[in-house]
Structures are given as structure tokens and as C-alpha cells.
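Novice: Model the following, please.
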Amino acid sequence: MADKKLLFTLGSALDKEDGWHFEEEKTSSKSTETKLPSKHFLVLKMEKRQGKPVSMVGPFFLEKEDLIKLCSLLKKKLGSGGTCKEEWMEFQGECREKLKSFLVNEGFRFKG
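Specialist: Numbering: from 1, shown residues only. Alright, predicted model coming up:
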């Protein structure tokens with residue numbers, strides 16, 4: 001229990017008008033580390049949204065500009081719509097096998 005990190009602090013301060021203060025600690029869930037394509041271990045998932053399949057791949061550890069360029073390239077190769085959300089890419093339709101082959105050709109690796 002000692003290794004848990006507090007998300008906020010609460011206490012009194014004599015220099016404040018009402019004597020109490022509340023500070024929320026800022027935690028960053030996104031990693032700023034960038035990795036080479038060969039150092040990635042990507043995961044392929046499929047979800048259904050409004051009854052339609054969505055293929056997801058990630059997490060990517062790339063600069064935002066590089067991630068957007070890669071997403072755009074993959075959308076053109078797959079011939080489907082898609083988007084980048086944080087370190088994950090989402091593509092319309094069931095295209096996991098094609099997606100995996102394109103990313104392996106780019107030098108990325110997959111778990112399992």
C-alpha cells in the first residue's frame with residue numbers, strides 16, 4: 001500500500017484566505033518515449049461500434065506527426081477510413097490481416 005501514489009493533496013495553509021487548499025496532482029498517462037518500428041510490440045483488436053466492425057492497432061510510440069503520416073498511408077493502402085487516437089489507430093471495417101501485413105512490411109512487430 002505504500003507504493004500507491006496520491007492523486008490529490010488536501011490540507012490547510014495559513015497564507016490562504018479561507019485557510020484550506022486543494023491541489024490535484026497532474027499525472028501523464030501518455031508516454032513521451034519514441035521507439036523505432038522494430039521495437040514496437042503492437043496489438044490488433046476488433047470492436048463493434050453501432051453494429052459495424054472497427055479494427056484497432058496499437059500502442060504506437062511515435063511522434064504525433066509520424067503517427068499521422070503512417071495512419072494516412074495505411075488508410076490509402078487499405079482503402080478505408082480511419083483515425084489516430086492518442087497511440088492507437090482505428091480503421092473502418094474488418095481489415096486486421098491486411099493491416100498486419102502492411103505494418104510488418106514497414107518493420108513493426110506484433111505480440112503473439
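
Novice: C-terminal to the helix or strand where residue 68 lies, what's the next element?
Specialist: Element membership for residue 68 (DSSP states H and E) is helix 64-78. The C-terminal neighbour of helix 64-78 among helices and strands, as given by DSSP H and E, is strand 82-85.

Novice: so after that next one, what's the next helix or strand?
Specialist: Next helix or strand after strand 82-85 toward the C-terminus (DSSP H and E): strand 88-92.

Novice: How far does that next one sit from its chain's centre?
Specialist: How far strand 88-92 lies from its chain's middle: 11 Å, per C-alpha atoms, centre = their mean, to the nearest Å.

Novice: Repeat that for stretch 42-58.
Specialist: Averaging C-alpha positions (C-alpha atoms, centre = their mean) puts stretch 42-58 14 Å from its chain's average.

Novice: For stretch 61-78, which residues meet the burial criterion?
Specialist: For stretch 61-78, a neighbour-count test (16 or more other C-beta atoms under 10 Å) marks 61-62, 67, 70-71, 74-75, 78 as buried. Placement of C-beta: from N, CA and C, glycine included.
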